[in-house]
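Asks: the amino acid sequence is not available; the structure is as follows:
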Ligand SMILES: NC(=O)c1ccc[n+]([C@@H]2O[C@H](COP(=O)([O-])OP(=O)(O)OC[C@H]3O[C@@H](n4cnc5c(N)ncnc54)[C@H](O)[C@@H]3O)[C@@H](O)[C@H]2O)c1
Ligand SMILES: O=C(O)C(=O)C[C@@H](O)[C@H](O)[C@H](O)COP(=O)(O)O
Ligand SMILES: [Zn+2]
């Protein structure tokens, strides 16, 4: 049943501020909201899992609001964030004659959002885009904040642009068709928001995570809480000159694992890499004497209870050795003057940016983690 959506505002300069609407039924009612942006045509970018579920409803709604609408489809999974698929999406949108004043609509998870957003940033040197996220991960994180891009064989998200959406429509009913595995993966980013700066939210997650999974009122509340947290960070530090790097908690390790597993979603998806990365970031913090071992244990226990991996040994096909993980981390966008930057923690909800981390200390930690049973 559709109810009035929750609304979160992202405050940005230059008339680039936008709303995130969160609620059930937003795909079917997207047309008038997108038409209000003033476009005449919409290029919907989606994947072959999401297309049969939601693309026609979205197209019908757009056409009902007077927009010409076409669909460009890519295969599902992380491998679609590639140079080849990027070219296909750009050419598909050009074939639809999407003009400068039109709009690209990303309908799907974070893969589609990052890929379509980068295509929108590049097409005719920039057209507007709207995010219609349909995975938990995309609703709580990737649809907000304007990071768009693709992967290189050399590293995760290394090619991209900052390009903010004009509107985000998070239809939480669409999560009813999401697989358990992808729900869990998205939940890693939900927990991340508590771990970064809000212990009370992490404790709320510990008490309410099952309601998020089952589609209770906790789901919309969690999406809104994460979007509010991210909107605040993005408003204060849009281009990651400082504070925004905190949103990378768990990602230095996680992105390295995604590269090592060849962006193969059958082996590891982003949220699973983040879950292992969160657990590693807290165990590394404990090893450095920054936080207590009980905090690291509490983080790993909760993620494991929600069905997420927390150890390198849980990567199907293996996580490689410490040197290959360090090589992958060397491409991290937070590297400065060749030195690694990690997001570490003094406790739950007390994360901080730690530049200049010694490679030997990371190697010793990874060697021990890989050797642990
Ligand atoms: N730009 C950012 O700020 C940001 C933030 C976090 C993550 N990301 C990126 O997001 C990507 C991960 O996103 P994801 O976890 O959504 O992965 P995804 O886009 O691959 O979606 C997960 C899977 O669920 C399917 N799916 C999506 N919605 C569905 C629905 N409603 N019903 C049934 N199936 C559905 C998809 O087809 C896919 O197979 C990664 O590439 C990551 O780097 C970007
Ligand atoms: O929005 C951000 O900033 C984030 O770091 C959110 C992350 O969850 C996300 O995975 C992001 O794509 C990582 O960014 P990157 O700059 O490390 O590629
Ligand atoms: Zn992420």
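Replies: Arrived safely. Everything numeric here is computed off the predicted structure, so don't read it as measured data. Ligands and ions are numbered 1, 2, ... in the order given.

Asks: for stretch 28-42, what is the distance to the chain centroid?
Replies: 24 Å (C-alpha atoms, centre = their mean, to the nearest Å).

Asks: any buried residues in it, and which?
Replies: Using 16 or more other C-beta atoms under 10 Å as the burial criterion, the residues of stretch 28-42 that qualify are 28-31, 33-35, 37, 39, 41-42. In this view, the C-beta of every residue, glycine as well, is placed from N, C-alpha and C.

Asks: and the end-to-end length of it?
Replies: Here the two ends of stretch 28-42 are set 15 Å apart, with distance taken as C-alpha to C-alpha, to the nearest Å.

Asks: nearest residue to residue 71 other than its sequence neighbours?
Replies: Using C-beta to C-beta, 6 or more residues apart in numbering and skipping the chain neighbours, the partner closest in space to residue 71 is residue 44 (4.7 Å).

Asks: quick one on the thing from earlier: near ligand 2, list only the ones from the buried residues of stretch 28-42.
Replies: The residues of those that also fall near ligand 2, by C-beta under 6 Å from any ligand atom, amount to none at all.

Asks: how about low-confidence regions in the protein?
Replies: Scanning the chain for pLDDT under 70 picks out the ranges 1-2, 373.

Asks: any idea how it splits into domains?
Replies: 6-177, 236-371 (automatic domain parsing).

Asks: do you know which of those lies nearest ligand 1?
Replies: domain 6-177 (2.1 Å; C-beta to the nearest ligand atom).

Asks: for ligand 1, tell me whether that closest one is touching it.
Replies: Yes - contact of domain 6-177 with ligand 1 is found when judged by C-beta under 6 Å from any ligand atom, involving 47, 49-50, 53, 76-78, 81, 108-112, 114, 134-135, 137-138, 141-142, 145, 147, 157, 174, 177.

Asks: just the buried residues of these.
Replies: So, by 16+ other C-beta under 10 Å, the buried ones in these are 47, 49-50, 53, 76-78, 81, 108-112, 114, 134-135, 137-138, 141-142, 145, 147, 157, 174.

Asks: if we can go back for a sec, near ligand 2 too, which of the residues of domain 6-177 next to ligand 1?
Replies: Judged by C-beta under 6 Å from any ligand atom, the overlap between those and the neighbourhood of ligand 2 comprises 141, 145, 147, 157.

Asks: list just the nearest of the residues you listed to ligand 2.
Replies: Distances from these to ligand 2 were compared by C-beta to the nearest ligand atom; the smallest belongs to residue 157, at 3.3 Å.

Asks: the closest one falls within a strand, correct?
Replies: Yes - looking at residue 157 with DSSP: H, G, I helix; E, B strand; the rest coil, it is inside a strand.

Asks: now the residue nearest to it when sequence neighbours are not counted: which helix or strand?
Replies: Nearest in space to residue 157, with sequence neighbours left out and distances taken as C-beta to C-beta, 6+ apart, is residue 149 at 4.8 Å. Per DSSP states H and E, residue 149 falls inside strand 147-152.

Asks: which of the residues of domain 6-177 next to ligand 1 fall in helices?
Replies: Residues of the residues of domain 6-177 next to ligand 1 located in helices (DSSP state H): 110-112, 114, 137.

Asks: what's the closest of those residues to residue 203?
Replies: Distance from residue 203 was checked for each of these by C-beta to C-beta. The minimum falls on residue 137, at 21.8 Å.

Asks: please verify my assumption that the closest one contacts residue 189.
Replies: Yes - taking C-beta atoms under 8 Å as the contact criterion, residue 137 and residue 189 are neighbours in contact, 5.4 Å apart.

Asks: measure how buried residue 179 is and give me the count.
Replies: Using other C-beta atoms under 10 Å, residue 179 is surrounded by 10 other residues.

Asks: could you do the one 5 residues further on as well?
Replies: By other C-beta under 10 Å, 22 other residues sit near residue 184.

Asks: may I have the residues that are in contact with it?
Replies: By C-beta atoms under 8 Å, 6 or more residues apart in numbering, the contact list for residue 184 reads 271-272, 306-308.

Asks: with that, I have no additional questions.
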